[in-house]
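missing the sequence, but the structure's below:
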Ligand SMILES: C[S@@+](CC[C@H](N)C(=O)[O-])C[C@H]1O[C@@H](n2cnc3c(N)ncnc32)[C@H](O)[C@@H]1O
């Protein structure tokens, strides 16, 4: 474990019990829009990177196979509890893995989805390259995140400030350089949530 990953893991250990209250409802519109934009087809394989407490999991159809990975055991434990409440749907599996070193073959998934993750990892480009690597050439990489250059109301910046450092959240991540360095070609970019300062970015692996 790198020191940076260890600090992210410590942060989410503290947050796992209150994460849904703090970030469930307020960011759910973006998760719903992401599912719509994926336009998932029956039989497709989806990798959800940084699945956290599994807030997106109830939104998938049983017609797809979903694998959720996260680095934080307490966040995964919350996701596991959610799956238990959902009756252990057989189309969803969880495992612990590092987004910067995904334990999968190249081109393993039809859709690789990273909700609210790329701005909290220590090396976003390394993770972006991994997302691209494990995505099929005709597949889609879907990023949902805050990026720099979004006009953010001052009151909201103040609200986020105490949360940013503990959660490892970087507010200065630039979208275009990240996509260029990760070999991802944007197909659509839309603002989501209220206030609409998060971006939903659907990409093709170059
Ligand atoms: C802001 S939360 C987002 C959780 C969830 N995707 C959501 O929609 O709310 C970021 C998640 O990314 C996970 N994470 C951070 N660094 C990671 C890494 N290197 N590999 C895998 N997961 C990581 C954290 O443990 C946490 O669960």
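Cool, the structure landed. The structure presented is a predicted model; accordingly, all values stated were derived computationally and were not measured. Numbers count the residues shown, from 1 in each chain.

residues touching the closest residue to residue 24 other than its chain neighbours, list them.
Spatial nearest neighbour of residue 24, chain neighbours left out: residue 55 (5.7 Å); criterion: CB to CB, 6 or more residues apart in numbering. C-beta: built from backbone N, CA, C; applies to glycine. Under the criterion of CB atoms under 8 Å, 6 or more residues apart in numbering, the neighbours of residue 55 are 20, 23, 24, 27, 28, 31, 82, 115.

what about residue 55, distance to residue 76?
13 Å (CB to CB, to the nearest Å).

what's near enough to touch the residue of the chain at minimum distance from the ligand?
When distances are taken as CB to the nearest ligand atom, the chain reaches nearest to the ligand at residue 52, 2.6 Å away. Taking CB under 8 Å, 6+ apart, we find residue 52 in contact with 12, 19, 70, 72, 75, 78, 79, 115, 116.

can you tell me which of the residues you listed are in strands?
70, 115 (DSSP state E).

can you list the contacts of residue 52 in TSV and add pLDDT and neighbour count?
Shown next, in TSV, are the contacts of residue 52 (pLDDT from 0 to 100; neighbours: other CB atoms under 10 Å):
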residue	pLDDT	neighbour count
12	83	24
19	90	19
70	97	26
72	93	24
75	95	23
78	96	23
79	98	24
115	98	23
116	95	21
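
now narrow the contacts of residue 52 to whatever sits close to the ligand.
Among the contacts of residue 52, proximity to the ligand is found for 12, 70, 72, 75, 115, 116 (CB under 6 Å from any ligand atom).

in the chain, mark out all the helices, start to finish.
3-15, 19-23, 28-38, 73-85, 124-134, 154-167, 175-182 (DSSP state H).

of all those helices, which lies closest to residue 98?
Residue 98 sits nearest to helix 3-15 of all those, at 6.6 Å, using CB to CB.

for this protein, which residues are neighbours of the ligand?
Going by CB under 6 Å from any ligand atom, the residues of the chain near the ligand are 5, 8, 12, 23, 31, 50-52, 55-56, 70-72, 75, 98-100, 115-117, 120-121.
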